[in-house]
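S.K.: next input, structure requested:
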Amino acid sequence: NDLMSMGVHRLWKRHYVSSLGVRPGHHVLDLAGGTGDIAALLLKRVGAEGRVLIGDINAEMLRVGRRRLIDRGLVRGVDYLQVDAQTLPFADDSFDIVTMAFGLRNVTDQAAALRSIFGTLKLGGKLSVLEFTQVDKDGLKQLYDLYSFKVLPALGKAIAKDEDSYRYLAESIRKHPDHATLKAMFEDAGFEKTQVRLLSGGLVAIHSGY
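M.R.: Here you go, the predicted model:
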């Protein structure tokens, strides 16, 4: 990912977490967070009184993320749970903030996931989603498609020995709702004060709602 994004994915993630408004004492649910990347940044912000729960549908990803965080000495204030974002097993008013970075496009029923997340948030709670989106600038779109469908799979094959996963990445971005449609889906799920912020010329977007 560092090679294929030229390291920019790390800048996106840091900017994303800095935009969340996380405060000491907050309880945060990080969905599709198995790698631990976002949780590591969140733990610095929730403080000793806060907690971060990493939720992921993939048990192996959770194990990998847990090992990575332990290796970094991050063991306090973080929990791990295998969950399906479409049917979250939490009571109402459980979390101050729910995050999801580069995971929503892999959810089968995204509308169901948004409704399920809405039900877990406290009054005034916030959902923020960092995700690739469809580029709508003509010149950039052609270049992006060329890179996504030709260069990415070739790099995946050469570097990660996994061409299919990177071909899927490009295809999943193409099928993912554009940023205007996803904003409307947030509102349909009950979220208010919804916002969209485009990064890197519209390659990725941060959607948020309360």
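
S.K.: for the chain, what spans make up the strands?
M.R.: For the chain, the strands defined by DSSP state E cover 27-31, 51-56, 78-82, 95-101, 121-132, 195-199, 204-209.

S.K.: and the ones you listed as CSV, adding mean neighbour count?
M.R.: Backbone N, C-alpha and C define where each C-beta goes, glycine included. Converted to CSV, the strands of the chain look like this (neighbours: other Cβ atoms under 10 Å):
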stretch, mean neighbour count
strand 27-31, 26
strand 51-56, 24
strand 78-82, 16
strand 95-101, 24
strand 121-132, 20
strand 195-199, 15
strand 204-209, 23
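
S.K.: can you add mean pLDDT and distance to His179 and give those strands back as JSON lines?
M.R.: Formatted as JSON lines, these follow (pLDDT from 0 to 100; distance: least, Cβ to Cβ, whole Å):
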{"stretch": "strand 27-31", "mean pLDDT": "98", "distance to His179": "19"}
{"stretch": "strand 51-56", "mean pLDDT": "98", "distance to His179": "24"}
{"stretch": "strand 78-82", "mean pLDDT": "97", "distance to His179": "29"}
{"stretch": "strand 95-101", "mean pLDDT": "98", "distance to His179": "15"}
{"stretch": "strand 121-132", "mean pLDDT": "96", "distance to His179": "9"}
{"stretch": "strand 195-199", "mean pLDDT": "95", "distance to His179": "5"}
{"stretch": "strand 204-209", "mean pLDDT": "96", "distance to His179": "5"}
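
S.K.: mind putting the ones you listed into JSON lines with distance to Gly21?
M.R.: Putting the strands of the chain into JSON lines (distance: least, Cβ to Cβ, whole Å) gives the following:
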{"stretch": "strand 27-31", "distance to Gly21": "11"}
{"stretch": "strand 51-56", "distance to Gly21": "15"}
{"stretch": "strand 78-82", "distance to Gly21": "20"}
{"stretch": "strand 95-101", "distance to Gly21": "7"}
{"stretch": "strand 121-132", "distance to Gly21": "7"}
{"stretch": "strand 195-199", "distance to Gly21": "12"}
{"stretch": "strand 204-209", "distance to Gly21": "9"}
